[in-house]
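Peer 1: sequence-free structure coming up:
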């Protein structure tokens, strides 16, 4: 049995959303021995914990997996990758976030140190795979994020009152304010509409969005962070999923919405057109355009045949994201 180390931010216990390291490591333990770091919320202690894991296990580790993001976590990945090179341990970078291209563009030397020396690069979307291919990184393997498909009960919903659902961390790049503007415009156009927004605050956006809703006298259901089971249960009361982001890769929340039978209206940015085929399994609109989003939502309400086609195609597509379908790709990578 191969021994894996998995480096990333396992911070769900610190009021953050569950991350890939927590879900993927659990699945990988079915086939491999997996140790992870780190659960520490302090950034310095987290890095030290990651370093310690590699050093302590250097003699009996086959591969190190490294979650790689575009922000400060990029430097965690860089440090761990060079430590792996020092100890001659194979490492795999798992690419995350729609903004990684900025690192390739603005930090080419550091990017080369990290990515050129990797055993493999794993991209959870064909969007990121194409970005890295364009910058000369050819050894990129597409392995999508997985979901427990059996946990997502499919409902084909009617739309009388428009019950909007937004699920994401409250962060500026995800443009949560747009959801408030969409609700406002639907109500002004004479539609009965409600909005539920689920997710933890990241950068103060939650306070700003609540203040915006209050200033417009809109009644929005802000739940804060919920467990997976809790938000899946709450989703039964919704009938349209909106994704308002300005920057993204392949958001798992959109995949989950598709699995549930929620018709998806999303901004057409980053990796989303690689996930959503417009008018085939969802609707895409230009970013920061509340009018376009409202028009798409009304279209879903009025055109039942289109709505049925979208949700059935979406569910069929996300069956490919089940762990049963994804597992062989990871096994093949390590073999």
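Peer 2: Cool, the structure landed. Computed from a prediction, not measured in an experiment: that's the story for all the values here.

Peer 1: Identify the spatial nearest neighbour of the spatially most central residue of the chain, chain neighbours not counted.
Peer 2: Nearest to the geometric centre of the chain sits residue 251, at 3.0 Å (C-alpha atoms, centre = their mean). Distances taken as C-beta to C-beta, 6 or more residues apart in numbering put residue 243 closest to residue 251, at 6.6 Å, once the chain neighbours are dropped. Where C-beta positions appear, they are placed from N, C-alpha and C, glycine not excepted.

Peer 1: ok, that neighbour touching residue 267?
Peer 2: Yes: the pair residue 243 / residue 267 is scored as a contact, 6.5 Å apart, by C-beta atoms under 8 Å.

Peer 1: Tell me which residues touch residue 261, please.
Peer 2: Neighbour list for residue 261: 154, 155, 156, 157, 311, 314, 315 [criterion: C-beta atoms under 8 Å, 6 or more residues apart in numbering].

Peer 1: which residues in the stretch 101-250 of the chain form strands?
Peer 2: Per DSSP state E, counting those that start in this stretch, the stretch 101-250 of the chain carries strands over the ranges 120-123, 140-142, 162-167, 193-198, 221-224, 240-243.

Peer 1: any idea how far residue 136 lies from residue 120?
Peer 2: Distance of residue 136 to residue 120, given as C-beta to C-beta, to the nearest Å: 15 Å.

Peer 1: again with residue 217
Peer 2: According to C-beta to C-beta, residue 217 and residue 120 sit 53 Å apart.

Peer 1: More neighbours: the two, which one.
Peer 2: Counted by other C-beta atoms under 10 Å, residue 217 and residue 120 do not tie: residue 120 has more neighbours, with 18 against 7.

Peer 1: Helix, strand, or coil at the residue nearest to that one when sequence neighbours are not counted?
Peer 2: Distances taken as C-beta to C-beta, 6+ apart put residue 92 closest to residue 120, at 4.9 Å, once the chain neighbours are dropped. Three-state call for residue 92 (DSSP: H, G, I helix; E, B strand; the rest coil): strand.

Peer 1: pLDDT wise, what is residue 92 at?
Peer 2: As predicted, residue 92 sits at a pLDDT of 98.

Peer 1: Could you report the neighbour count for it?
Peer 2: 23.

Peer 1: Surely it touches residue 62?
Peer 2: No: between residue 92 and residue 62 there is no contact under C-beta under 8 Å: 10.7 Å.

Peer 1: Which parts of the protein are helices?
Peer 2: Here the chain has its helices, by DSSP state H, at 20-28, 43-56, 73-86, 100-106, 108-111, 126-134, 177-188, 205-215, 228-234, 252-260, 272-275, 290-302, 304-318, 323-334.

Peer 1: tell me the mean pLDDT over the third one?
Peer 2: In other words, helix 73-86. For helix 73-86, the mean pLDDT works out to 96.

Peer 1: Also the first one?
Peer 2: The predicted model gives helix 20-28 an average pLDDT of 92.

Peer 1: related to what we said a few turns ago, so which of the strands of the stretch 101-250 of the chain is the most surrounded?
Peer 2: strand 240-243 (a mean of 26; mean count of other C-beta atoms under 10 Å).

Peer 1: roughly how far is it from the heart of the chain?
Peer 2: Remark: strand 240-243 is offset 15 Å from the chain centroid, using C-alpha atoms, centre = their mean, to the nearest Å.

Peer 1: Adjacent strands (with direction) for it?
Peer 2: Strand 240-243 pairs in its sheet with strand 162-167 (parallel), strand 264-267 (parallel), by DSSP bridges.

Peer 1: Tell me how many other residues crowd the residue lying closest to residue 118 once chain neighbours are set aside.
Peer 2: Nearest residue to residue 118, sequence neighbours excluded (C-beta to C-beta, 6+ apart): residue 93, at 5.0 Å. A count of neighbours around residue 93, defined by other C-beta under 10 Å, yields 28.

Peer 1: if I read this right, residue 93 contacts residue 115, doesn't it?
Peer 2: Yes: Residue 93 is in contact with residue 115 according to C-beta under 8 Å; the separation is 6.3 Å.

Peer 1: what stretches of the stretch 201-335 of the chain score poorly on pLDDT?
Peer 2: For the stretch 201-335 of the chain, no stretch has pLDDT under 70.

Peer 1: quick one: which of the contacts of residue 261 has the most company?
Peer 2: residue 314 (27 neighbours).
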